[in-house]
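Q: Structure of the sequence below:
(chains A and B)
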Amino acid sequence: MREAIKKNAMKKALTGLNVLDLTSSATGMLQTKALAEHGATVVWVESRAHLSLPRVSAPFSDNIVNENRAGLVCQYGGPTYSLGLNITHPEASDVKRRLAAWADIIVEGQRPGVMKNWGLDYDSVCKLNPNVIMLSVSLEGQTGPRSRAPGWGIGTKGLQGQVYFTGWPDRPGVGTPTTYPDMSTPFLSVTILLAALDYKRRTGKGQYIDMSQFETSLHFIPSWQMMDYFVNGRTGKAQGNRSPYAAPHGAFRCQGDDRWCAIAVSNDKEWQALCRVMGNPAWTRESRFSTFMGRKENEDELERMVETWTINLTAEEAMTRLQEAGVPAGVVQNSEDLLDKDPQIKHRRFYQKMSRPLMENKYHTGWPFILSETPYVMRPSPLVGEHTELVCRELLGMSDSEVCKLMVAGALELPVLK
Amino acid sequence: MTESLLSPYRVLDLTDETGHYAGKLLGDLGADVIKVERPEGDPARDIGPFFKDIPHPEKSLSWATNNTSKRGITLDIETADGQQIFKKLVQRSDFVIESFAPGYMDGLGLGYKDLKKLNPRIIVTSITPFGQSGPYSHHKATDLTSMAMGGLMFITGDADRPPIRTTIPQAGLLGSAHATTGTMIAHYYRELTGEGQHVDVSIQEAVARILFMEPMFWDFDHYLVQRYGPQIHRGKIFQTETWPCKDGQVTWRLFTGVFGKRTQSLVDWMNEEGMAGALKEVKDWEQVNFSKVTQEQSDAWETAIGEFFKKHTMKELQKEAQKRFIFLAPCYTPKEIAEDEQIASRDYWVQVEHPEWGASVTYPGAPVKMNLTPWKIYRRAPLIGEHNVEVYKGELGLSDSDLVMLKQAKII
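A: All right, here's what the predicted structure looks like:
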């Protein structure tokens, strides 16, 4: 696969596909990053008058707070063309019309109603571009009593049950400290956009896609737990690391500061392998641990005993020894492990160091899928407004004088390097 | 029949529970997905919960949820006859999705290179814990170890206890979602060029893709984000994100600067109830420079906010937040999700008939709404070998006696 990346660096799956990105969130960026890094031409409309959250969030390179130094673009940004356009500017309408006519796909993530104010809602765009595919991503959908309610990804994490289902049984849930639905839902929308493109290729028809992140995220959590509720009346509960199918099943403390190895033993064979790796200590032969039911019943004690073995090893040693014996085990990796140490991640080049002005030699995050013939190609994300002239002249066919006029008026913006 | 998004295409789905969701997604978009199970049925059918708590391979709710819109056949691809049948199916298919250990399909003569010779258009998508090659590619993994290796577990949980995963397994679902994205990108290219390809998915990376700014904090500042329970670490201080309220929990975070107005809205409401406490000292939340806020100051504000939340129920807080434009949301349990008026108003829930269970069951519905080609559950998950006759006899032209012989030889 690695060879494939080198060999086919120039062959791209989505060459010729025009995408207009009117989002201003990490979710929106992830969607168009996926398309751009597989060859699509993506125009991302940005303005210093209303910068998106990823442009103003820490960390910043050299600790200088500036929209072109914000590190989140390394995680979410791709080789899109940044068009500096203040979309609410009265003289922006011609550029907006040209953009609407140019795009095969429009992705927007504004609060329901905003696109209409901009004159870029689906009906208006269809008049300029009848078979466009348009995707609206919102927290709770375009319709319904809460469609215009304020919110953000952290809130959706609460709604979808992520907080409820992540925690210890004797404490309130904590959830995962990421905006989980923001990161889990974009891949569904990219899948559906590409399916809609295929439908358009066959039938000539574009369409409108209304994505509620709340609804999409229910496919992840609670997923079948909802069926358990509807059918069996059970709400379920966060269980720490416990699983009804396995014991031991948890994170075990290892040598060092906050180092852990996750171990999951699902059957007798794996249990015997674990005992062997631990050197068959006497406690493993006690009858209370010899059966699965016994191990489940005495799980607290079981976990304590397993930890007496892991605590003398590094997490890597524990993982390696267990894997050699066929026991599923993995280091509880932190960001340093992921970026600098994990040889598997390095092998697949999931994080790649790249540079652009104001952002020297920073890791950028890739994709969990590698296509053998048209692998993704990472490039740094743009400066705010970096491609204003290129987009206007070459993609939208505007004349020099038109571009100049709009720059003077303040509708178009150029990047500011500082 | 009206044409659906993916109706012209056929998918052979050989995945275990880590990959079920990929085929479901394509099936619910209209593709003809054939789930290929071993003759005794997919072992994942033994994973609960079960319909009415009856453990039975055709009553698993987790299996039912992520195998909708699929037909089902049984086939032992480790037998020579099974391989021959599988190859015939590949010649009539557009996609193969599998989740075997790397090299397993090659060992059977059914790897991408072999299948490509039979059908150059075929797209083979492999969903594995670490990808097809590399030092960990043969490591065994479960949801727990994938969440650990992908970096999500380290930042999740309370500081005084071990790192934790989300109780409902996520790694396979995340890997599956990425698998369909990669598959559809490959499909777009195939329809232009006629060329198929192999899509290599790493579940570890799918988990790592969920991370927020943690990797960048390490790269930019050599700062290691750890786990802080209901709090997050922002700048130099800890802020609470998940709060207890009268009857559950809500999410809310104090913002200043451009989002300062949102904080002001909450403070105004607290003030009306005489509970603004330490928050009253701030006149304009937009003017507060968060990087100058001390932990002590933040804690004093949060104490007042915490007391206010504890006085109100999730419903009260949600209703008022909506009215006052406050970024607050309740932390739902399945019961509250089931009763939520927003998704009900959008007809989210879908009823699926299960005649064998004598029941109509409520399923999570469309991940998106589409105006021309609505997402849909085309059929309930298949029973074991439910479509053997339809596929083997109807499409491959095997005879009744062939089917009997194959069944007796445990090939189907």
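Q: List the contacts of residue 237.
A: Just so you know, I chose chain A. By Cβ atoms under 8 Å, 6 or more residues apart in numbering or on different chains, residue A:237 lies in contact with A:165, A:169, B:167. Heads up, the C-betas are built off the backbone N, CA and C, glycines and all.
Q: not quite, I wanted chain B
A: B:293, B:294, B:295, B:298.
Q: if I look at it, how far off is residue A:332?
A: Distance from residue B:237 to residue A:332, counting by Cβ to Cβ, to the nearest Å: 25 Å.
Q: The single longest helix found in chain A packs against which elements?
A: In chain A, assigned by DSSP state H, the helix with the most residues is helix A:186-203. With contacts defined as 3 or more Cβ pairs under 8 Å, 6 or more residues apart in numbering or on different chains; DSSP states H and E, the packing partners of helix A:186-203 are helix A:26-36, strand A:105-108, strand A:133-138, strand A:208-212, helix B:171-193.
Q: now that helix: mean pLDDT?
A: Throughout helix A:186-203, pLDDT has a mean value of 95.
Q: need the contact list for the closest residue to residue A:187 other than its chain neighbours.
A: Excluding the flanking residues, the one nearest residue A:187 by Cβ to Cβ, 6 or more residues apart in numbering or on different chains is residue B:177, at 4.2 Å. For residue B:177, the contacting residues are A:184, A:187, A:188, A:191, B:21, B:22, B:25, B:206, by Cβ under 8 Å, 6+ apart.
Q: which residues of the stretch 101-250 of chain A fall in helices?
A: A:114-117, A:122-128, A:153-159, A:180-184, A:186-203, A:213-217, A:224-232 (DSSP state H, counting those that start in this stretch).
Q: hang on, the earlier thing: now render the helices and strands packed on helix A:186-203 as JSON lines, adding distance to residue B:350 and mean pLDDT.
A: Shown next, in JSON lines, are the helices and strands packed on helix A:186-203 (distance: least, Cβ to Cβ, whole Å; pLDDT from 0 to 100):
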{"stretch": "helix A:26-36", "distance to residue B:350": "24", "mean pLDDT": "93"}
{"stretch": "strand A:105-108", "distance to residue B:350": "26", "mean pLDDT": "97"}
{"stretch": "strand A:133-138", "distance to residue B:350": "21", "mean pLDDT": "96"}
{"stretch": "strand A:208-212", "distance to residue B:350": "15", "mean pLDDT": "96"}
{"stretch": "helix B:171-193", "distance to residue B:350": "18", "mean pLDDT": "97"}
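Q: Okay, and the beta partners of the residue of the stretch 201-350 of chain B found nearest chain A?
A: Proximity of the stretch 201-350 of chain B to chain A (Cβ to the nearest Cβ) peaks at residue B:329, 3.1 Å away. Legend: beta-bridge partners of residue B:329 under DSSP bridges are residue B:251.
Q: Check whether it really touches residue A:160, as I assumed.
A: No: between residue B:329 and residue A:160 there is no contact, the gap being 9.9 Å when judged by Cβ atoms under 8 Å.
Q: what's the domain layout of chain B?
A: Here the domain parsing of chain B from automatic domain parsing is B:10-209+B:346-408, B:231-339.
Q: Comparing the ones you listed, which stretch has the densest surroundings?
A: domain B:10-209+B:346-408 (a mean of 21; mean count of other Cβ atoms under 10 Å in any protein chain shown).
Q: from the chain's centre, how far out does that domain sit?
A: Centroid separation for domain B:10-209+B:346-408 versus its chain: 13 Å, with Cα atoms, centre = their mean, to the nearest Å.
Q: tell me the SS of residue B:73?
A: Under DSSP: H, G, I helix; E, B strand; the rest coil, residue B:73 falls in the strand class.
Q: how many other residues sit next to the residue in the stretch 301-418 of chain A positioned nearest to chain B?
A: Of all residues in the stretch 301-418 of chain A, the one sitting closest to chain B is residue A:369 (3.1 Å; Cβ to the nearest Cβ). A total of 29 residues lie near residue A:369 under the criterion other Cβ atoms under 10 Å in any protein chain shown.
Q: again, but for the one 10 residues further on
A: Applying the criterion other Cβ under 10 Å, we find 15 residues in the vicinity of residue A:379.
Q: do you know how far it is from residue B:204?
A: In this structure, residue A:379 and residue B:204 are 24 Å apart, going by Cβ to Cβ.
Q: now chain A, which segments are flagged as low pLDDT?
A: Flagging of chain A using pLDDT under 70 yields the residue ranges A:1-10.
Q: center of it - which residue?
A: Chain A has residue A:183 as the residue nearest its centroid, 3.4 Å off, counting by Cα atoms, centre = their mean.
Q: which SS class is residue 269?
A: As the question left the chain open, I've gone with chain A. helix.
Q: Tell me who's in contact with the closest residue to it other than its chain neighbours.
A: Spatial nearest neighbour of residue A:269, excluding adjacent residues (Cβ to Cβ, 6+ apart): residue A:326 at 7.6 Å. By Cβ under 8 Å, 6+ apart, the contact list for residue A:326 reads A:269, A:270, A:273, B:140.
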